[in-house]
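In: One predicted model, sequence on top.
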Amino acid sequence: MLPPDEETPAGVPPILHSVYGCGPFESCVDCGTGLLDTWTPYAVEKVIRQGEVVLEFAICVACQMLILREFSEESIERIREYTAGTFDPTDEIDRILQVLGQEDQDGLGTSPNPAQDPDRCQRCGAQDEAYADEHSIGGILIGDRLIANVSSLCGKCSDGLDEVLSRKTREAHDDFIERNFPGVPAELDLPVGAIGL
């Protein structure tokens, strides 16, 4: 774990723990890089259907950027338009870059308070049965420190996000899923989530 910092609460919030690994994610799903003892930003993504986690992973910023390079400019612009006014992925990227520019853990500042499980979609505000039926949650961390608020997207908004993607971007997303989750059925529609923002 990173050294303690009086202003920044340590410890990965339980909501971002792996249900299969029974604790914080320890390595990047794509390259295997260790996550808890390094200064490497990473995203955690979990897809929840009917109260059960059906997919979860952590991906380091380097792998995330490699995947994003495969996304078409058209898709990235459509993603920005689709999420405009609700949450801004560029804020998350700016926060990562700010933290990376620091020489030590003092650059983390004060972490957001992730005490509660998000109970509504960050894009549309849905808090109904459809949200409970399917949603995804994600967070950005460095080591065991949350550096951006936990976000949530309902299944309907996730489907809408998927619809704005170009064929090239869908292929990059599908390649990521096939490479890292070979047992996942092809017909299981999985959201873009952390790798798309």
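Out: The structure has been received and is ready for your questions.
In: Would you mind checking the average pLDDT for the lengthiest helix in the chain?
Out: Scanning the chain for the longest helix, with DSSP state H as the assignment, gives helix 167-180. Mean pLDDT, helix 167-180: 81.
In: Poorly predicted segments of the protein, please.
Out: 1-10, 85-117, 184-197 (pLDDT under 70).
In: What is the neighbour count of C154?
Out: 25 (other C-beta atoms under 10 Å). Placement of C-beta: from N, CA and C, glycine included.
In: and what of V47?
Out: When neighbours are counted by other C-beta under 10 Å, V47 comes out with 23.
In: does it really touch F57, like I thought?
Out: No. In this structure V47 lies outside contact range of F57 using C-beta atoms under 8 Å: 9.6 Å.
In: Next, count neighbours for H17.
Out: Neighbour count for H17, taken as other C-beta under 10 Å: 16.
In: For the nearest residue to V150 once chain neighbours are set aside, give the beta-bridge partners.
Out: Once flanking residues are discounted, V150 sits nearest to G139: 4.6 Å by C-beta to C-beta, 6 or more residues apart in numbering. Beta-bridge pairing for G139 (DSSP bridges): V44.
In: Would you quantify the distance from G139 to P13?
Out: 7 Å (C-beta to C-beta, to the nearest Å).
In: Look at those two and report which has more neighbours.
Out: G139 (26 against 22).
In: Pretty sure the more buried one sits against Q122.
Out: No. Counting by C-beta under 8 Å, G139 sits too far from Q122 to count as a contact (11.9 Å).
In: Now list whatever residues contact both of the two.
Out: Both G139 and Q122 are contacted by S151, under the criterion C-beta atoms under 8 Å, 6 or more residues apart in numbering.
In: Just the helices from the chain, written as ranges.
Out: 61-70, 73-83, 89-100, 129-133, 155-163, 167-180.
In: how about the ones you listed in CSV, adding mean neighbour count and distance to D144?
Out: Formatted as CSV, those follow (neighbours: other C-beta atoms under 10 Å; distance: least, C-beta to C-beta, whole Å):
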stretch, mean neighbour count, distance to D144
helix 61-70, 16, 16
helix 73-83, 15, 27
helix 89-100, 15, 14
helix 129-133, 14, 28
helix 155-163, 17, 27
helix 167-180, 16, 23
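In: between those, which one is nearest to I147?
Out: helix 89-100 (5.7 Å; C-beta to C-beta).
In: Run through the residues that contact E26.
Out: E26 neighbours (C-beta under 8 Å, 6+ apart): G34, L35, L36.
In: which one of these is nearest N180?
Out: Among the contacts of E26, and counting by C-beta to C-beta, the member closest to N180 is L35, at 15.1 Å.
In: for that closest one, what are its contacts?
Out: L35 touches P24, F25, E26, S27, C28, Y42, A58, C60, L141, G143, counting by C-beta under 8 Å, 6+ apart.
In: Alright, calling it a day.
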